[in-house]
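In: Following is a predicted model, sequence given first.
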Amino acid sequence: MSFPANPYNELAWIIGEPVIGEGTWIGAFTLIDASGGLTIGKGCDIASGVHIYTHSSAKRCVSGRKYNAVDRASVTVGDRVFIGANAVISMGVTIGDEAIIAAGAVVTRDVAARTVVSGVPARKTGIVDLSDPIVPQIVTVPLT
């Protein structure tokens with residue numbers, strides 16, 4: 001099987017027409033679904049195996065197809081966002097600038113700028129401190 005051609009990575013599967021900012025890198029085996037609308041900012045790194053979804057057929061499935069629609073909601077990823085390997089971004093989520101999504105995280109809610117999230121479901125575990133722009137610091141915060 002071959003993936004549809006895209007200018008980012010020949011081993012990434014990109015569906016729809018996402019708006020992707022300059023300098024964004026997309027790793028292999030990544031699934032990007034822009035069928036519900038997707039904007040990814042400038043200078044992002046999206047690691048291998050990430051899934052970004054802008055649709056869900058869950059209601060259609062569990063209703064035995066009585067709910068005859070596929071729900072769609074756009075996703076927005078800010079500038080300079082790092083998304084770790086095998087993370088999943090759910091439909092309707094907004095991720096702020098300079099956020100870090102840890103490997104394997106499942107993001108079901110918005111993530112504020114300069115916030116680190118991890119886990120399933122993803123929760124705030126740190127903040128990004130850019131007071132020294134050469135050597136950014138990640139400050140761990142207690143789980144709440």
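Out: Now that the structure is in, tell me what you want to look at.
In: Excluding chain neighbours, what is closest to the spatially most central residue of the chain?
Out: Against the mean C-alpha coordinate of the chain, by Cα atoms, centre = their mean, the closest residue is I89 at 4.3 Å. In space, not counting the residues next to it along the chain, I89 is nearest to I52; the distance is 4.4 Å by Cβ to Cβ, 6 or more residues apart in numbering. All C-beta atoms are positioned from the backbone trio N, CA, C, and that covers glycine.
In: Can you point out the buried residues in the top strand by length along the chain?
Out: When the chain is parsed with DSSP state E, its longest strand is strand 123-129. The neighbour-count criterion (16 or more other Cβ atoms under 10 Å) identifies 124-128 as the buried residues of strand 123-129.
In: Centroid-wise, who is the farthest residue in this structure?
Out: With distances taken as Cα atoms, centre = their mean, the residue sitting farthest from the centre of the chain turns out to be K66, at 30.1 Å.
In: part of a helix, is that residue?
Out: No - checked against DSSP: H, G, I helix; E, B strand; the rest coil, K66 lies outside a helix; its state is coil.
In: Now do it against A58, distance only.
Out: Counting by Cβ to Cβ, to the nearest Å, the separation of K66 from A58 is 13 Å.
In: who's in contact with I15?
Out: With Cβ atoms under 8 Å, 6 or more residues apart in numbering as the criterion, the residues that contact I15 are 4, 31-35.
In: cutoff 10 Å now
Out: I15 makes contacts with 3-4, 6, 31-35, 38, 52-55, as judged by Cβ atoms under 10 Å, 6 or more residues apart in numbering.
In: Most neighbours out of those, which is it?
Out: I52 (27 neighbours; other Cβ atoms under 10 Å).
In: Looks like that one contacts V106 (just checking).
Out: No - counting by Cβ atoms under 10 Å, I52 stays clear of V106, with 11.9 Å between them.
In: I'd like the mean pLDDT over the longest strand of the chain, please.
Out: Along strand 123-129, the predicted confidence averages to a pLDDT of 95.
In: now stretch 34-50
Out: When the per-residue pLDDT values of stretch 34-50 are averaged, the result is 97.
In: so where's the chain shaky on pLDDT?
Out: Counting by pLDDT under 70, the low-confidence segments of the chain come to 1-2, 143-144.
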